[in-house]
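**Q** Show me how the following folds:
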Amino acid sequence: MATYIMKGEERVIDTHSKLLGYILWAFGFTGVHRFYYGKPITGTIWLFTAGVFGIGWIVDFFLIPSMDDEADRTYWDGRVEYSIAWLLLLFVGVLGIHRFYMGKIGTGIIYILTGGLFGIGILYDLWTLNEQINDANVTLKKSHID
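**A** You can find the predicted model right below:
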């Protein structure tokens, strides 16, 4: 169910959770909160520099609300919820459960058989999961319009 929030005069669908963002921030030195909000380049930098030596990680505590706002404006809501897909990726990604959740049965089976394509698929999904969910939601909306 879509939750609407007001951003000034604008009504925006809340696609990403601030609460989950802060929970992921607790592991921020890995950059996972940045991946969640659709910032894969800085997420990768955080991953390899321990949150840019801890300083960027602390700054991100204050930046999460703006990252959340930007994600809410960028990504479409729909049947596939971003927070659920991200939690599935982070906790059972090697089993491909997040792919089954998105309706990608074939790659879900491949992930089960190969341990998330030997971990490379997990890295790919860290970089592209928001876009994959967005594409699935847009496709579903278009199929209901036609």
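
**Q** contacts, neighbours, all on C-alpha from now
**A** OK.

**Q** which helices and strands sit right next to the longest helix along the chain?
**A** Determined from DSSP state H, the single longest helix within the chain is helix 120-145. The contact analysis (3 or more C-alpha pairs under 8 Å, 6 or more residues apart in numbering; DSSP states H and E) places helix 120-145 against helix 32-36, helix 40-53, helix 82-92.

**Q** what residue is smack in the middle of this structure?
**A** Centroid-nearest residue in the chain, with C-alpha atoms, centre = their mean: Y36, separated by 3.5 Å.

**Q** Just list the residues touching that one, thanks.
**A** Y36 sits next to 21, 86, 126, 130 when contact means C-alpha atoms under 8 Å, 6 or more residues apart in numbering.

**Q** would a markdown table of these with pLDDT, distance to T49 and neighbour count be doable?
**A** Shown next, in a markdown table, are the contacts of Y36 (pLDDT from 0 to 100; distance: C-alpha to C-alpha, whole Å; neighbours: other C-alpha atoms under 10 Å):
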| residue | pLDDT | distance to T49 | neighbour count |
| --- | --- | --- | --- |
| G21 | 97 | 20 | 22 |
| W86 | 97 | 22 | 22 |
| L126 | 96 | 17 | 23 |
| N130 | 97 | 23 | 26 |
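
**Q** So which of those residues is the closest to V92?
**A** Nearest to V92 among the contacts of Y36 is W86, at 9.9 Å by C-alpha to C-alpha.

**Q** I'd like the distance between the nearest residue to that closest one once chain neighbours are set aside and A71.
**A** In space, W86 comes closest to Y36 once its chain neighbours are excluded; the distance is 7.0 Å by C-alpha to C-alpha, 6 or more residues apart in numbering. Note on Y36: its distance to A71, by C-alpha to C-alpha, to the nearest Å, is 9 Å.

**Q** got it, and F62?
**A** From F62 across to A71, the span is 16 Å (C-alpha to C-alpha).

**Q** More neighbours: which of those two?
**A** A71 (20 against 10; other C-alpha atoms under 10 Å).

**Q** Look at A85 and say how many residues are nearby.
**A** 20.

**Q** Isn't it up against Y101?
**A** Yes. The pair A85 / Y101 is scored as a contact, 7.0 Å apart, by C-alpha atoms under 8 Å.

**Q** coming back round to it: highest average neighbour count across the helices and strands packed on helix 120-145?
**A** Compared across the helices and strands packed on helix 120-145, helix 32-36 shows the largest average neighbour count, a mean of 26 (mean count of other C-alpha atoms under 10 Å).
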